[in-house]
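[1] Let's see this in three dimensions:
(one chain, ligands or ions: 1)
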Amino acid sequence: MMNAHAPIDDTHRDQRGLTGHAAEPAHGVPAPPHLKVLSVTSEIFPLVKTGGLGDVTGSLPKALAPLGIETTSLIPGYPAVMQQLKSAMPLVTFERLLGERASLLHTRAEGLSLFVLDAPALYDRPGGPYVGDDGADHPDNWKRFAALSLAAAEIADGVLPGWRPDIVHTHDWQSALASVYMRERGSSLPVVLTIHNLAFQGQYPASRLRDLGLPPEAYSMNRMEYFGDISFLKGGLQTADAITTVSPTYAREILTPRFGMGMHGVLNQRVSILRGIVNGIDLDVWDPSSDPHLPRTYDVNSLRRKRENRAVLLKRFGLDATRDGPLFSAVSRLTWQKGFDMFAETADEVIHNGGKVIVFGQGDREIEQALLNTASRFPGRMAVHIGYDEPTAHLIHGGSDAIVQPSRFEPCGLTQLYALRYGCVPVVSRTGGLSETIIDANDAAMSARVATGFQFHPVTADGLRLALRRALHAHADPKMWARLQNQGMKAKFSWERSAQQYAALYANLVRRPGQISAPDLRRAAL
Ligand SMILES: Nc1ncnc2c1ncn2[C@@H]1O[C@H](COP(=O)(O)OP(=O)(O)O[C@H]2O[C@H](CO)[C@@H](O)[C@H](O)[C@H]2O)[C@@H](O)[C@H]1O
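    All right, here's what the predicted structure looks like:
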């Protein structure tokens with residue numbers, strides 16, 4: 001049965017090689033709430049996650065719901081996503097979305113409302129969201145994420161009968177083109193673009209513009225032109241109504257050449273619409289008192305039970321469980337950003353002070369190898385496992401004493417927040433969100449009983465070594481360590497406050513008569 005839906009301007013569509021038709025009634029499309037947000041993202045926990053982006057896009061919608069904001073997330077139909085959708089009917093089919101057949105489906109899964117872009121030619125393949133099984137980028141990533149963005153622009157245009165968002169929220173370069181497509185079509189619907197990681201920018205040759213269905217004028221300083229190429233992220237920065245990043249400190253840092261990754265010029269131009277909103281964490285997913293991945297659950301009053309997790313963890317990583325001593329661990333992408341080359345140089349500090357080290361992650365081959373080389377010098381005392389696995393990440397937090405995160409830049413960082421909640425003391429560099437979320441255990445902070453971890457600056461191997469030394473010294477004083485754990489576990493990093501800030505931002509952008517206002521939202525949150 002065909003469904004009556006918003007008229008389609010075929011001329012307009014054909015210019016982009018796109019024809020759409022509604023294939024089924026729009027049953028299952030979410031009912032209109034106070035404010036409808038279309039969040040466009042390449043990953044979303046728990047369906048598909050490679051890092052913090054997935055955590056945030058998976059947990060923010062739940063935090064916004066009590067504020068009267070219904071988020072529906074548009075995600076690619078990767079195999080893991082399509083498995084959840086066996087019986088969903090297409091809401092609309094595009095015969096040629098950037099040349100590929102694609103359909104939009106709707107489902108609710110894991111407490112999330114989802115639009116799924118089912119485009120087998122783009123997403124039905126082995127590997128992860130960005131790389132194939134061989135570890136190399138999918139060669140058509142430009143098309144895979146442009147198609148996602150174009151589908152978002154279609155939804156903003158009203159292609160789904162009975163459902164149109166009030167706001168579009170894009171995340172990183174993978175969905176940044178949505179606002180470029182929207183502005184090309186004359187849509188003035190508000191768009192918020194959140195930068196989770198400025199290091200990835202979606203940079204491609206300018207010759208791709210044609211394949212993207214964008215006019216030659218898009219290759220200009222105030223659109224997508226970027227050092228002779230085009231950049232999806234720059235296009236988004238130029239066309240969004242608000243730009244956020246995931247901590248106020250990082251929002252300031254990216255205005256400088258050192259942290260701006262080549263985008264500081266455009267970010268300075270757009271500074272009036274840029275702000276930082278710190279990430280929260282999902283307190284249900286990361287809760288040591290109910291975590292199904294822990295052999296033994298615990299809370300702030302039963303921290304001694306961590307020892308049982310620790311024993312399991314040491315065994316799992318093949319480390320000597322007979323001797324005591326602190327366990328310093330890391331769960332991270334192993335990239336230049338995360339600074340683990342510096343930890344490869346300094347992990348011996350932990351070992352020489354009677355401790356043990358676990359590193360779990362994957363990333364740059366060179367950094368992986370440097371860590372493996374260090375571990376090979378300390379059999380039974382340091383283990384490096386290359387891999388990615390959610391339950392193991394939880395177990396590491398559940399059984400470790402300290403979590404090391406020596407990032408060179410860190411927009412927010414979530415691992416240190418999980419560490420706090422799990423009674424691990426974070427050892428972090430003083431940058432971006434790490435500097436805002438961890439309070440260094442200096443004398444003043446200790447006597448004020450607010451310290452939660454150890455920070456180092458400048459961000460060098462020597463700086464890290466000193467911080468490790470300070471943390472090891474503190475661990476030798478059980479009272480001091482217990483205080484740090486206690487203070488960390490009591491720190492508040494729920495989404496509540498940050499969700500209010502997003503809600504107020506949305507409300508200010510929408511500002512329609514009768515529409516929910518920022519004060520309303522504040523009241524709703526009280
Ligand atoms: N080997 C492994 N196995 C299992 N899980 C693993 C893992 N390696 C990492 N993870 C998980 O991936 C997530 C990492 O999140 P972060 O926010 O710390 O960094 P990331 O750089 O991915 O995120 C970017 O986006 C987020 C969200 O905005 C920002 O906080 C951050 O600063 C920015 O760099 C955590 O949930 C962690 O447990």
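[2] Which residue ranges of the stretch 301-450 of the chain form strands?
    327-334, 356-363, 382-386, 402-405, 425-429 (DSSP state E, counting those that start in this stretch).
[3] which residues are in contact with the second one?
    Applying C-beta atoms under 8 Å, 6 or more residues apart in numbering, the set of residues contacting strand 356-363 from outside is 313-314, 317, 319-320, 325-335, 338, 340, 343, 347, 350-351, 368, 371, 375, 378, 381-389, 392-393, 396, 400. For the C-beta atoms, the positions are set from N, CA and C on the backbone; glycine is no exception.
[4] picking that back up, so for the ligand, which of the strands of the stretch 301-450 of the chain sits nearest?
    Nearest to the ligand among these is strand 356-363 (4.1 Å), distances taken as C-beta to the nearest ligand atom.
[5] Name the strands paired with the closest one and say parallel or antiparallel.
    According to DSSP bridges, strand 356-363 has the following sheet partners: strand 327-334 (parallel), strand 382-386 (parallel).
[6] Can you pull the residues of the chain lying near the ligand?
    Selection of the chain residues close to the ligand by C-beta under 6 Å from any ligand atom yields 51-53, 55-56, 196-197, 246, 279, 331-333, 360-362, 388-390, 393, 410-415, 433.
[7] and if we set it to 5 Å?
    Residues of the chain lying near the ligand by C-beta under 5 Å from any ligand atom: 51-53, 55-56, 196-197, 246, 331, 361, 388, 393, 410-415.
[8] before we move on, the earlier item: go through the strands paired with strand 356-363 and pick out the most buried.
    Most buried of those by mean neighbour count (mean count of other C-beta atoms under 10 Å) is strand 327-334; its value is a mean of 25.
[9] I'd like the strands paired with strand 356-363 written out as a markdown table, with mean pLDDT added.
    Shown next, in a markdown table, are the strands paired with strand 356-363 (pLDDT from 0 to 100):
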| stretch | mean pLDDT |
| --- | --- |
| strand 327-334 | 98 |
| strand 382-386 | 98 |
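[10] closest one to residue 80 among those strands?
    Closest to residue 80 of these, according to C-beta to C-beta: strand 327-334, at 19.5 Å.
[11] relative to strand 425-429, how tilted is the closest one?
    50 degrees (axes from the mean of the first three to the mean of the last three C-alpha atoms, to 10 degrees).
[12] Tell me which residues are up against strand 327-334.
    Contacts of strand 327-334 (C-beta under 8 Å, 6+ apart): 51, 310, 313-314, 338, 340, 343, 347, 350, 355-364, 367-368, 371, 386, 392-393, 396-397, 399-405, 415, 424, 427, 468, 471.
[13] List buried residues within those.
    Taking 16 or more other C-beta atoms under 10 Å as the criterion, what is buried in the contacts of strand 327-334 is 51, 310, 313-314, 338, 340, 343, 347, 350, 355-364, 367-368, 371, 392-393, 396-397, 399-405, 415, 424, 427, 468, 471.
[14] Kindly reformat the strands paired with strand 356-363 as a markdown table containing distance to residue 275.
    A markdown table is the format used below for the strands paired with strand 356-363 (distance: least, C-beta to C-beta, whole Å):
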| stretch | distance to residue 275 |
| --- | --- |
| strand 327-334 | 26 |
| strand 382-386 | 37 |
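[15] State whether residue 92 is indeed within a strand.
    Yes. Looking at residue 92 with DSSP: H, G, I helix; E, B strand; the rest coil, it is inside a strand.
[16] Can you give me the neighbour number for whichever residue of the stretch 201-350 of the chain sits closest to the ligand?
    Closest residue of the stretch 201-350 of the chain to the ligand, C-beta to the nearest ligand atom: residue 246 (4.0 Å). Using other C-beta atoms under 10 Å as the criterion, residue 246 is surrounded by 25 other residues.
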